[in-house]
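S.K.: here is the input, now give the coordinates:
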Amino acid sequence: MFGLFRQYYTTGFLDHNSGKHIQLNDLHTSTSLVHDYSPYPNQSAFLLGEWYWNGGEKKSQLSFQNLIKIVGHLDFHPEDVAAKNWRLIDTWLSGESKGSNKEDDSRLGGWTKTPIRVNAPFHKRTLQKCPKEFEAGILHHRKLMTIIRERITRPSVHPHLHFEPYKLFWQPDDATEPVRVHSELYTSEVFIDAHNKLQDSPPEPECGLPRVVLSLIFSSDGTQLTSFSTAKL
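M.R.: Numbers count the residues shown, from 1 in each chain. Take a look at the predicted model:
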C-alpha cells in the first residue's frame, strides 16, 4: 500500500519471513508499558540512586540542581524512597549478591567471569619500588558464538531476524521508475554481495542446511573526555 517492494536473490520462496511477525507494538513506543527499575523498587528510588552513583564523587552545584529536579518532579513520591534497604540494593549492584530479580546465568548460558587485575606503578622513592597488582573487579562476558547460537536455534524467541538480504524499492505508481531505498544493513549492497558470494561457494560436505551471513553491530556508550567540557568520544 506504500509502494514498497523487495527484490531477493534466491531460487525459491523464503522459509522465514520476519515481516509476518511485526506487530503494531513493534513500530511505536507505548506509554502503558510496565517499567522495571530493579533492583530499585520504583521510579523515585531509581532516580535518586542514579543521581548518587552517576553524579560524580564530589557533588557540584549542577549536581545539586539535578537533585532538585528529581525531588521536585510531579512523579517523585517521598514515601517511595523512605525505609528502603539501600545497602542491599548497592550490594546487588556491586555483584556481591545475586538478588531475587537477577536472571539465572545458566538459563542465559555461556557466561564467563574473569577477574580484572591492574598493575599499579610506585615511585622509586617508596618502599615498594616495583609495580603491585590490584584486583579491580569481575568482568562478566560471553563468547560471540554462544550468543549467535542462541539466537539462531531459538527463532520463536527472536522472530525478527532477517536471514535473506534484499533490495528495497519504492514505486508510487506504474509511471514512475523504482527508487532504491537504503535503510537496514541487510538491504545494503555489501551485505547482498557477501550473501551471494557465500551461496556461490562450495557447500560443506553432506550438508543441506541453509547458509546465511550474520552481521554483528558493535556499539558502546559515550566517554566524557574531560571534566570541564561536554566533549564525548
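
S.K.: contact partners for the nearest residue to Lys132 once chain neighbours are set aside?
M.R.: Distances taken as C-beta to C-beta, 6 or more residues apart in numbering put Ala120 closest to Lys132, at 5.6 Å, once the chain neighbours are dropped. Heads up, the C-betas are built off the backbone N, CA and C, glycines and all. Counting by C-beta atoms under 8 Å, 6 or more residues apart in numbering, Ala120 makes contact with Pro131, Lys132, Glu133, Phe134.

S.K.: again, only using 7 Å
M.R.: Counting by C-beta atoms under 7 Å, 6 or more residues apart in numbering, Ala120 makes contact with Pro131, Lys132, Phe134.

S.K.: how much space separates the last one from Thr114?
M.R.: Phe134 sits at a distance of 15 Å from Thr114 (criterion: C-beta to C-beta, to the nearest Å).

S.K.: with the second one instead?
M.R.: Lys132 sits 20 Å away from Thr114 when distances are taken as C-beta to C-beta.

S.K.: what's next to the helix or strand containing Leu48, contact-wise?
M.R.: For Leu48, the element it lies in under DSSP states H and E is helix 43-54. Residues outside helix 43-54 that contact it (C-beta under 7 Å, 6+ apart): 35, 37, 40, 66-67, 70, 75-77, 80-81, 84, 89.

S.K.: mind listing what's buried in that helix?
M.R.: Buried residues in helix 43-54, counted by 16 or more other C-beta atoms under 10 Å: Ser44, Ala45, Phe46, Leu47, Leu48, Gly49, Trp51.
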